[in-house]
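> okay, here's the prediction I keep looking at, along with the sequence it came from:
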Amino acid sequence: FYTERKRFVEERRRAARAARALFERMRAEEESTRPRFRNISGYNTGAGPQNFEFRNDGTSAATDVTVLKPDESEVLARENIVGPDSIVRIRTTHQALDQDGVLFRFKTAFGSEWQLIVHLNGAEEVRNVARNYEPEVEAE
């Protein structure tokens, strides 16, 4: 019994290491290809609400895209799919976009759900990522 138990524990450790390695590889691949949104439109710093265009500069599509104010109080745009080099249009003020940014929620081809704050200057903050392929951590 002791020998079988020891073998079983070692098999579980190997399987956990393999799952972790697969997760790390998939996460790196997703990070390198994921959608990235960047403002491509001009703006007037003194004007009120303006139209802004954000292009997906990533190499993969974003699905179920919702663009919101960062406090999630207002939906600015919804798109079913935003492919590479495709555009999402929103209407907001220069000041709001410059100071607070906008929140992009979307899914990737990997099935992960992302929440990003994108600022006017191109800065991007990852608010949350839920990866459905992350292995569960087992207690020893």
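Looks like it came in fine.
> okay, and the beta partners of the residue nearest the centre of the chain?
Closest residue to the average C-alpha location of the chain: residue 114 at 3.0 Å, with Cα atoms, centre = their mean. On the basis of DSSP bridges, residue 114 is bridged to residue 106, residue 129.
> from residue 72, how far out is it?
15 Å (Cβ to Cβ, to the nearest Å). The C-beta positions use only the backbone N, C-alpha and C, and glycine is treated the same way.
> equivalent analysis for residue 126, please.
Applying Cβ to Cβ, the value for residue 126 to residue 72 is 16 Å.
> try residue 95
Taking Cβ to Cβ, one finds residue 95 at 19 Å from residue 72.
> low-scoring stretches of the chain, by residue?
137-140 (pLDDT under 70).
> all strands of it, in order?
In the chain, the strands defined using DSSP state E lie at 37-39, 49-56, 62-68, 75-82, 87-93, 102-107, 113-118, 124-130.
> buried deepest among those strands, which one?
Across these, averaging neighbours per residue (mean count of other Cβ atoms under 10 Å) puts strand 102-107 on top, at a mean of 22.
> and that strand, what does it pack against?
Packed against strand 102-107, as judged by 3 or more Cβ pairs under 8 Å, 6 or more residues apart in numbering; DSSP states H and E, are the following elements: strand 62-68, strand 87-93, strand 113-118.
> and the ones you listed as CSV, adding distance to residue 22?
Converted to CSV, the helices and strands packed on strand 102-107 look like this (distance: least, Cβ to Cβ, whole Å):
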stretch, distance to residue 22
strand 62-68, 23
strand 87-93, 32
strand 113-118, 20
